[in-house]
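> everything below, folded, please.
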Amino acid sequence: ANMALRLTAFLRAAAPSPAAAATKMKKSFSKKKSVKVEKKAFDKKKAVPMTPFDLRAESLEQVPLKERQRKVPKVTEKDLDEWAATTKAWSRYTMRQAHIRSKELHNAILARDDALDELAKVSESLHSLAIVPDTSPYPVQLKPPTDTPPNREYQLALEKKLRESKPKDGRSHA
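Residues are numbered from 1 along each chain as shown. Alright, predicted model coming up:
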């Protein structure tokens with residue numbers, strides 16, 4: 001019995017604790033991972049050394065605050081003048097673009113109004129149909145791709161709703 005006790009005590013002492021085994025596995029895993037990263041980063045022209053990057057709070061506290069702050073670049077008078085000129089040029093460009101867009105929109109509205117006036121001269125019934133506003137949000141119905149087939153009850157309800165909302169003049173939403 002004494003021999004058996006000594007043998008189990010010896011085996012227990014030789015076997016690592018679960019926490020020690022987990023730590024050893026983590027170290028082995030991180031070492032393998034760093035080797036893989038170094039192999040990927042290796043360039044035939046220039047080898048890139050891999051250094052561990054520690055972001056724990058205690059390591060950040062060890063570095064003085066002055067070393068962690070960015071250095072503010074010196075801005076010269078020439079840089080300020082260049083920045084101001086670039087900003088003004090961009091402002092002028094965007095203003096010109098907005099003005100051109102506004103003119104195009106105005107011309108399109110005038111052309112539409114002229115066309116409606118001509119249509120009224122040709123046929124009053126066509127003119128009355130042309131000035132009815134289209135209340136649908138978009139002239140297009142999009143069907144998004146889905147992973148599952150549509151629910152038949154939902155499809156029937158949607159088709160019924162579309163039939164009910166169809167304008168009386170025969171135009172469709174699509």
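
> please make it C-alpha for all contacts and neighbour counts, starting now.
Noted.

> okay, now Leu116: neighbour count?
Neighbourhood size, Leu116 [other CA atoms under 10 Å]: 17.

> which SS class is it?
Following DSSP: H, G, I helix; E, B strand; the rest coil, the label given to Leu116 is helix.

> that one: what's it in contact with?
127, 130 (CA atoms under 8 Å, 6 or more residues apart in numbering).

> same thing but at 7 Å, please
His127 (CA atoms under 7 Å, 6 or more residues apart in numbering).

> just the one 3 residues further on next, same as before
Each residue near Leu119 by CA under 7 Å, 6+ apart is listed here: His127.

> that one sits in which helix or strand?
helix 77-122 (DSSP states H and E).

> how about Lys161?
Using DSSP H and E, the element containing Lys161 is helix 152-165.

> in that helix, which residues are buried?
Within helix 152-165, not a single residue qualifies as buried, counting by 16 or more other CA atoms under 10 Å.

> worst-scoring helix or strand of this protein, pLDDT-wise?
When each helix and strand of the chain is scored by mean pLDDT, DSSP states H and E, helix 57-62 comes last, with a mean of 60.

> can you name the residues that contact Thr135?
So Thr135 contacts nothing (CA under 7 Å, 6+ apart).

> same check on Lys24?
Lys24 neighbours (CA under 7 Å, 6+ apart): none.

> do you know how far it is from Val35?
Lys24 sits 17 Å away from Val35, going by CA to CA, to the nearest Å.
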